[in-house]
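Undergrad: next one to model:
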Amino acid sequence: MKLTTVTNVSVDGVMQGLGTADEDRRGGFERGGWALPLFGDEAETYLGQVYQRADAFLFGRRTYDIFAGSWGMMPDPDDNPIAGPLNRQPKYVASTTLTDPRWADTTVLSGDVAAAVRDLKAQPAGELQVHGSGNLVRWLLDNHLVDEITLLTYPVVVGQGTRLFPDTGPDTALDLVDSRAFTSGISVQVYRPSGRPRYATAA
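TA: This next block holds a predicted model:
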C-alpha cells in the first residue's frame, strides 16, 4: 500500500486546533478553529474524494481519540463521504498507552511500529492514509516510510501553535505531483519525497 499523509496547515505551518476552538489547548494554545471559516464546498468535496480512496488509516494516539469521538460517533456514517470510509475501513493506531480501543476495526501498533508499517505497506495496491497526527508524520518521514505528502494550506497566519515541521530536523527534497487552488483561498499541494535536497555550492 502507498502511505499518504494528509495535513491541514496554516501558511505559517500550524496544524494545531484547526477544528473547534477547544479542540487542542496544549501549551496554552488559544487560536483554535482557524480552518473551519475557510473550509468551503470545494475543499469538502476534495477531502471527501481523498477519504474515499483510503483502504486503511493510520493514526497517532491524539488524532485517533479526536476522530473516534467525532467521526466514530456519527449515527449514519455511510451518508458522509468522510465518516463512511473512516468507519468502514481498518484503522491502525501507533500507541504504547491505548489498550482498549472502542472504535470498530482498530488495531493498536505498540511494538515495532516501523516493522508493522512496512508490513502494511507491503500489502498489494491500496492506500494507507495518515490524517493529522503530527508527531507520527514527522516520525514516518524520519524513517523514510512516507510515499506521498498532501498539504492543504489555508490563507491564514495563526502565529502560535504546533507546526508540522520543527525548526530543526532532517531535510527532504520533494517532487510536486499535483497542485490546485480553491476559491476560498485554500491551496493543495501533493508531494513525493525524493531523497535529500541539492544545495548550491560556492563558485
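Undergrad: any chance you could list what contacts the lowest-mean-pLDDT helix or strand in the chain?
TA: The helix or strand of the chain with the poorest confidence is helix 61-70; it has a mean of 92 (mean pLDDT, DSSP states H and E). With Cβ atoms under 8 Å, 6 or more residues apart in numbering as the test, helix 61-70 has contacts from 19, 23-24, 59, 86, 91, 93-95, 97-98, 101-103, 106, 131-133, 135-136. (Each C-beta comes from the backbone N, C-alpha and C, glycine too.)
Undergrad: could you flag which of these are buried?
TA: 19, 24, 59, 86, 91, 93-95, 98, 101, 103, 106, 131-133, 136 (16 or more other Cβ atoms under 10 Å).
Undergrad: go through those and name the one nearest Ala200.
TA: Leu136 (32.9 Å; Cβ to Cβ).
Undergrad: contacts only, for that closest one.
TA: 58-60, 63, 94, 130.
Undergrad: okay, buried residues for the helix or strand containing it please.
TA: Using DSSP states H and E, the element containing Leu136 is helix 134-142. Applying a neighbour-count criterion of 16+ other Cβ under 10 Å, one finds 134, 136-141 buried in helix 134-142.
Undergrad: so where do the strands sit in this protein?
TA: Counting by DSSP state E, one finds strands in the chain at the ranges 2-10, 56-60, 91-94, 106-109, 127-131, 148-154, 174-181, 187-193.
Undergrad: okay, now Arg118: neighbour count?
TA: 13 (other Cβ atoms under 10 Å).
Undergrad: most centrally placed residue in this structure?
TA: His131 (2.4 Å; Cα atoms, centre = their mean).
Undergrad: do you know how far that residue is from Asp41?
TA: 20 Å (Cβ to Cβ, to the nearest Å).
Undergrad: repeat that for Gln89.
TA: Distance from Gln89 to Asp41, by Cβ to Cβ: 24 Å.
Undergrad: looking at the two, which one has more neighbours?
TA: More neighbours surround Gln89 than the other of Gln89 and Asp41, with 17 against 10 (other Cβ under 10 Å).
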